[in-house]
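[1] from the sequence below, what's the structure:
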Amino acid sequence: MKMQTNFLCALTLFLTASFGMLHAQDNNVNTEFGVKGGFNMSNLYGSGEDVDDNNILYGFNAGVYATLPISDFVAIQPEILFTTKGAELEYNNAFASGNTKFKLNYIEVPLLVRVNITKNFNLQAGGYASYLVSSKVTGSGDVDFDQEIDRDDLNKFDAGIAAGVGVDFSPVSIGIRYNYGLTTVGKERTVLGQTYTAPDAKNSNLTLYLSYKLN
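    Have a look, this model is predicted:
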């Protein structure tokens, strides 16, 4: 399933169809400060590959956000989050069976443009930057292991684009957001004259979130 392409195309079409209704709605955006958290479905994708629903790793995110209006219905929304990413691989062959989880934990700073289509419905789009704080690989099944990965062996910084939708029931909001990574998780290195990147993959993360306005 081409998850990121379908989601972004649907979001673009909806924004185009709805933009003409902005002034007809009671959709003023107000300054907000709050906390948020949610459920992550993460994956990794390689160069030239589509993101699909295989190898999903389940995790979470939590942090704070602000909504800063720049017009009656448009705002800038910065956030600071702790978020989990990575992928899970299940295997079953003649030698062993089980699963391996590649876990990446980031401090992430999304910076989004939020557009209130109606009073209770908004669209968000922008980008994010992340800093890797820890990483590990774990396995269960015929072979069990739990091993930290040296962060110096991976890219400590990640960046990408983000888009989502939200529904407000003040002071509580719910929504869904997709992050599409643009930088590889692994570092480029040269060994014996050969240059390679390991792991040569980028982050993909779908989030269901719940936020609470504090002001």
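[2] ok, Ala62 - how many residues close by?
    13 (other Cβ atoms under 10 Å). All C-beta atoms are positioned from the backbone trio N, CA, C, and that covers glycine.
[3] same question for Val133.
    Applying other Cβ under 10 Å, we find 12 residues neighbouring Val133.
[4] in terms of helices and strands, where is it?
    Val133 is part of strand 121-141, with elements assigned from DSSP states H and E.
[5] that strand - what's its average pLDDT?
    The average pLDDT within strand 121-141 is 93.
[6] sheet partners, orientation included, of it?
    With DSSP bridges as the test, strand 121-141 is paired with strand 97-116 (antiparallel), strand 145-148 (antiparallel), strand 157-169 (antiparallel).
[7] which one of those lies closest to Thr84?
    Using Cβ to Cβ as the measure, strand 97-116 is the one of these that comes nearest Thr84, at 5.6 Å.
[8] just the buried positions in the closest one, please.
    For strand 97-116, the neighbour count (16 or more other Cβ atoms under 10 Å) marks 100-106, 108-110, 112, 114-116 as buried.
[9] could you dump the helix or strand that contains Phe33 to CSV, C-alpha only?
    Assigned by DSSP H and E, Phe33 belongs to strand 32-46. Backbone C-alpha positions of strand 32-46 (Å, rounded to 0.1, in the frame of the first residue of the first chain) are rendered in CSV as follows:
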residue,chain,number,x,y,z
GLU,A,32,-3.2,27.8,22.4
PHE,A,33,-0.7,26.1,24.6
GLY,A,34,-1.1,22.5,25.5
VAL,A,35,0.1,18.9,25.9
LYS,A,36,-0.3,16.1,23.5
GLY,A,37,0.4,12.4,23.1
GLY,A,38,-0.4,9.6,20.8
PHE,A,39,0.1,6.2,19.2
ASN,A,40,2.7,5.6,16.6
MET,A,41,2.8,3.1,13.7
SER,A,42,6.4,3.3,12.3
ASN,A,43,8.2,1.7,9.5
LEU,A,44,11.4,2.1,7.4
TYR,A,45,11.6,2.4,3.6
GLY,A,46,14.5,2.2,1.2
